[in-house]
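K.L.:
Here's my sequence, what's the structure:
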Amino acid sequence: MRKEALPGYKRWVIVFMASLAHLSIGTVYAWSFFQYPISERYGWSNSTTAWTFSIAIFVLGITAAWGGRNLERIGSRKMALVGSVLYALGYIISYFAFKAESLSLLYLGFGVIGGMGLGLVYVTPVATVSGWFPDKQGLATGMVVMGFGLGAFVMSKLIAPLFMNLFNHDLANTFLAVGVLLLIVLPFFSSFMVSIPKSTETERSDMKLLPYLLRADYVLIWFMFLCNIIAGMIFLSFQSPLLQDLLSEQGITDKLILESRGATLIAVSALFNGLGRFFWGAVSDKLGRVFTFRVLFLLQIMVFVMMIINKSPILFFIGVCLVLLSYGGGFGVLPSLIKEKYVSLMASIYGITLIAWGVGGIIGPQIIALMKDHYPENAATLAYYIGLVLLSLGLISSLLLKNKLSDKIS
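P.N.:
Here you go, the predicted model:
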């Protein structure tokens, strides 16, 4: 039986706080702001430095899968609070990693421990809000994940520049200050995560997941989401360095100018990333979830072709914004797609699907990092060709899926 929308303002308070929680952990998407400074300061290669971000996203996906399956047993508030502390500790441990110039400690702190925090905080608000909004799935969950996309804007234009200037560009102290700030605000936002009463929304934990995960339609959904992730990750991890490379080719060599324009790109593209989650989530309520994914793939394919042909920094700037608009759109549509198909298993299936995010978090950044280390003159173009192939495969996957997945599992 279809659930009606719940009355009262409480669910909107939950949406607002869930969005702020996602905005706080979305600061991880500003990694490219730190990519060059860390690599240059400590003499680590692009690939080894980028592994920090890749590990964080991979662990996020794995932890989100576990969190989704255990959300009902542990409770939304408790899971979100634990994740909040872990994510803040990731930055604090990074302080000691920079002081010791230890790449392995950075991997452990920011990558593993911070990534675990990301996974727990990410899956909880989405699953919680999804339960409170049976009537506006795309709109409500799109609002929440929009916060995650906007996190890079807040970090790259507000928090990181503030602390970097305050501590005279000392990376260790900057990461420590960010960690302390997160330790104060993120648990407060997470404390508002209250699940819908069990009498109204209960996940059927007795159902076995494997038979549904092995079905062709779910495999196509997972792979489709993975392809969209990899395309976005190519830019999320290296958008600032790639723009700086193009500007350098045009004769701009001032380091401060290059860093400033790179930070501006991160901030603006973060807005598109965030708005894409809200916009495409709402659009999918009208057009259908699968059809919306098809549009996202077609848009990105056109952008990647443009970037291969044209090397203009301005067009690159526009292209990155459009790709991240589509990248965010995938996150905005996915919760509703999973909710429609796997009604009673939304939290578990959604969490497992986020493993694709973790896998893409390794593949995307490493594609461009390896290209920059081994083929620096043609790194961007080669990465675009690889991205183009993956987007084409994603489009094919979406075409094999029906726009309306009518055989619900409830």
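K.L.:
Only C-alpha atoms from now on, for both contacts and neighbour counts.
P.N.:
OK.
K.L.:
what's the spacing between T52 and L265?
P.N.:
21 Å (CA to CA, to the nearest Å).
K.L.:
quick one: pLDDT of the nearest residue to P161 once chain neighbours are set aside?
P.N.:
The spatially closest residue to P161, leaving aside those adjacent along the chain, is M155, at 8.0 Å (CA to CA, 6 or more residues apart in numbering). Predicted confidence (pLDDT) for M155: 91.
K.L.:
V13 now?
P.N.:
On the pLDDT scale, V13 gets 87.
K.L.:
again with A50
P.N.:
Reported pLDDT for A50: 87.
K.L.:
Distance-wise, check it relative to G288.
P.N.:
36 Å.
K.L.:
In terms of neighbours, single out the busier of the two.
P.N.:
A50 (27 against 19; other CA atoms under 10 Å).
K.L.:
how about the more buried one, what does it touch?
P.N.:
A50 makes contact with Q35, S237, P365, Q366, A369, according to CA atoms under 8 Å, 6 or more residues apart in numbering.
K.L.:
Is it in a helix, a strand, or coil?
P.N.:
helix (DSSP: H, G, I helix; E, B strand; the rest coil).
K.L.:
Repeat that for V145.
P.N.:
Strictly by three-state DSSP, V145 counts as helix.
K.L.:
Is it correct that it is in contact with W280?
P.N.:
No: V145 lies out of contact with W280 (CA atoms under 8 Å); the separation is 11.3 Å.
K.L.:
Overlap of the contact sets of those two?
P.N.:
G332.
K.L.:
okay, these two: which has more neighbours?
P.N.:
Remark: of V145 and W280, V145 carries more neighbours, 34 against 28, as counted by other CA under 10 Å.
K.L.:
who's in contact with the more buried one?
P.N.:
Per CA under 8 Å, 6+ apart, neighbours of V145: S19, H22, V126, G274, R277, F278, F331, G332.
K.L.:
Test my guess that the last one contacts L275.
P.N.:
No: in this structure, G332 is not within contact of L275 by CA under 8 Å, at 9.3 Å.
K.L.:
For those two, indicate the residue with more neighbours.
P.N.:
Neighbours were counted for G332 and for L275 using other CA under 10 Å; G332 has more, 34 against 25.
K.L.:
who touches that one in this structure?
P.N.:
G138, T141, G142, V145, M146, G276, R277, F278, F279, W280, G281.
K.L.:
Show me those residues that map onto helices.
P.N.:
Among those, the members found in helices (DSSP state H) are G138, T141, G142, V145, M146, G276, R277, F278, F279, W280, G281.
K.L.:
Tell me how many other residues surround the fifth one.
P.N.:
Read it as M146. 31.
K.L.:
pLDDT score assigned to it?
P.N.:
82.
K.L.:
Skipping adjacent residues, who's closest to it in space?
P.N.:
Using CA to CA, 6+ apart, the nearest residue to M146 is G274, at 4.0 Å.
K.L.:
Low-confidence bits of the stretch 201-350 of the chain, can you list those?
P.N.:
201-207 (pLDDT under 70).
K.L.:
residue ranges for the helices of the stretch 301-410 of the chain, please.
P.N.:
Using DSSP state H, counting those that start in this stretch, the helices of the stretch 301-410 of the chain run over 313-341, 346-353, 355-374, 379-400.
K.L.:
can you give me the offset of the last one from its chain's centre?
P.N.:
When you say that, I think you mean helix 379-400. Relative to its chain's centre, helix 379-400 lies at 19 Å (CA atoms, centre = their mean, to the nearest Å).
K.L.:
how about S19, what does it touch?
P.N.:
Counting by CA under 8 Å, 6+ apart, S19 has contacts P125, M143, V144, V145, M146, G147, F148.
K.L.:
Would you mind measuring from the closest residue to the second one other than its chain neighbours to S284?
P.N.:
The reference is to M143. Of all residues not flanking M143 in the chain, F278 sits nearest, at 5.1 Å (CA to CA, 6+ apart). F278 sits 10 Å away from S284, going by CA to CA.
K.L.:
Just want to know which of those two has more residues nearby.
P.N.:
Neighbours around F278 and S284, counted as other CA under 10 Å, are more numerous at F278. The numbers are 28 against 23.
K.L.:
I'd guessed that one sits against G149; true?
P.N.:
No: counting by CA under 8 Å, F278 stays clear of G149, with 9.8 Å between them.
K.L.:
List the buried residues in stretch 284-298.
P.N.:
Neighbour-count burial for stretch 284-298 flags S284, D285, G288, R289, V290, F291, T292, F293, R294, L296, F297 (criterion: 16 or more other CA atoms under 10 Å).
K.L.:
Run the chain-centre distance for it.
P.N.:
19 Å.
K.L.:
Good, we can wrap up now.
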